[in-house]
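Engineer: sequence-free structure coming up:
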């Protein structure tokens, strides 16, 4: 399959049927699946204004690095106070963003198809400011922290500018944004 000599010999212990797949067919299937995944993710990230700064090559690399994850209704995707593991792009479904302060849980936002979350903790290198919970079945494309640093370097400055939006949301809900004020950017 990979244009290399066989690494092992296999001997059947009992009679059976053997199905074979030639190299070209195997590679065509793998390439078709990779191309389909890339097209789906390209459409997803095309809706993210922050990523408009990326070149087509960088966007393709980003698509190739995304990993699909599925969450059921009520699953906690991100927990407030945890350290950042990556960035999430919502393929389908809805999530509820909440923040707990003084034992009280308040809804900060609701996000759906095409939106993203998790970038704040990555940019500020601080624990998660909010929790994110699936509201119904939810499918996301996940970009781990190492791929984020490697691929989205050109977008970090733009994302830092968006921190004012997060500060405004926290002020609207809690009357203050002290969590973001202490962050050096």
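Structural biologist: Okay, I see it. Note that the structure is a prediction, hence the values are computed from the model and not measured. Numbering: from 1, shown residues only.
Engineer: Next secondary structure after the longest helix seen in the chain?
Structural biologist: The longest helix of the chain (DSSP state H) is helix 23-46. Next helix or strand after helix 23-46 toward the C-terminus (DSSP states H and E): helix 56-65.
Engineer: Could you check the angle that following helix makes with helix 23-46?
Structural biologist: Our comparison of helix 56-65 with helix 23-46, counting by axes from the mean of the first three to the mean of the last three Cα atoms, to 10 degrees, yields an angle of 110 degrees.
Engineer: Please report the distance of the closest residue to residue 42 other than its chain neighbours from residue 70.
Structural biologist: In space, residue 42 comes closest to residue 63 once its chain neighbours are excluded; the distance is 5.5 Å by Cβ to Cβ, 6 or more residues apart in numbering. Backbone N, C-alpha and C define where each C-beta goes, glycine included. Using Cβ to Cβ, to the nearest Å, residue 63 is found at 18 Å from residue 70.
Engineer: So for those two, which residue has more residues nearby?
Structural biologist: Neighbours were counted for residue 63 and for residue 70 using other Cβ atoms under 10 Å; residue 63 has more, 21 against 13.
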